[in-house]
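**Q** Coordinates only, no sequence provided:
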């Protein structure tokens, strides 16, 4: 299997049809856009998948077949040392302790892996507000495997309240990718331009 994967990857990377597709993952003869891919199993050979959008193509023996071309790509120039960004996962009944703890470590920003469409337990709101007031960017991702965050719900702790407070939404990026994006943005352009790189995701 490893040999077949290497051969498929070399075929994909050298084929003209994959130009301008950005970073790709080729595994199990399936071609995925890295920005859309996530690991879904601890060991399975088809662990990398794109749950929302599917593959961009396949390698079928001697041929690379591209079936779709992602249109949304962002280039962020990486610079030397990246700032620390904390990642906090939400669960039912949580309060603000973990958020305050993450902020107290000197993190330059915070990504919150929220529930569902991008909602948090109401008890965490005061801590999130404190972090925002301190000038740190807060990005909301979802802990769900599929779907994007949105300001759909208006109840306490809902996405609407988080947006109104000044949180940024990570679209369909999972928490770990939102964290990398925020680290790169903070290093490249600073906290005052974070919104530009998360709007429309």
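**A** Yep, that arrived. As the structure is a prediction and not an experimental result, all values here were calculated from the model.

**Q** Settle this for me: residue 175 is touching residue 111, isn't it.
**A** Yes: Residue 175 lies in contact with residue 111 (C-beta atoms under 8 Å); the separation is 5.5 Å. To be clear about C-beta, it is placed using only N, CA and C from the backbone, and glycine gets the same treatment.

**Q** Between the two, which has more neighbouring residues?
**A** residue 111 (30 against 21; other C-beta atoms under 10 Å).

**Q** can I assume that one sits in a helix?
**A** No: secondary structure of residue 111 (DSSP: H, G, I helix; E, B strand; the rest coil): strand, not part of a helix.

**Q** got the contact list for it?
**A** 85-88, 138-141, 170, 175, 178-179, 182 (C-beta atoms under 8 Å, 6 or more residues apart in numbering).

**Q** For the closest residue to residue 119 other than its chain neighbours, give me its contacts.
**A** Take residue 119 and drop its neighbours on the chain: the residue closest to it by C-beta to C-beta, 6 or more residues apart in numbering is residue 158, 5.0 Å away. Contact analysis of residue 158 by C-beta under 8 Å, 6+ apart lists 119, 151, 152.

**Q** helix, strand or coil for residue 5?
**A** Once three-state DSSP is applied, residue 5 turns out helix.

**Q** if I look at the residue of the chain positioned farthest from its centre, how far off is residue 7?
**A** The outermost residue of the chain, judged against the average C-alpha position, is residue 62 (33.1 Å), by C-alpha atoms, centre = their mean. Noted for residue 62: a distance of 10 Å to residue 7, by C-beta to C-beta, to the nearest Å.

**Q** next one: residue 126
**A** Residue 126 is 55 Å from residue 7, by C-beta to C-beta.

**Q** sorry, back to before: looking at the contacts of residue 158, which is nearest residue 58?
**A** Nearest to residue 58 among the contacts of residue 158, counting by C-beta to C-beta, is residue 152 at 34.7 Å.

**Q** Just give me the neighbour total for the closest one.
**A** There are 12 residues near residue 152, going by other C-beta under 10 Å.

**Q** element containing it?
**A** Per DSSP states H and E: residue 152 is located in neither a helix nor a strand.

**Q** That one: what's it in contact with?
**A** 117, 118, 158, 159, 160.

**Q** swap the cut-off to 6 Å and go again
**A** 117, 159 (C-beta atoms under 6 Å, 6 or more residues apart in numbering).

**Q** Can you read off the backbone torsions of it?
**A** When read as degrees, to the nearest 10, the backbone of residue 152 gives phi -70, psi -40.

**Q** Residue 116 versus that one, what's the distance?
**A** In terms of C-beta to C-beta, residue 152 sits 9 Å off from residue 116.

**Q** quick one: which helix or strand includes the closest residue to the residue farthest from the centre of the chain other than its chain neighbours?
**A** Leaving aside its chain neighbours, residue 62 sits nearest to residue 11 (7.7 Å; criterion: C-beta to C-beta, 6+ apart). Here residue 11 sits within helix 2-14, counting by DSSP H and E.
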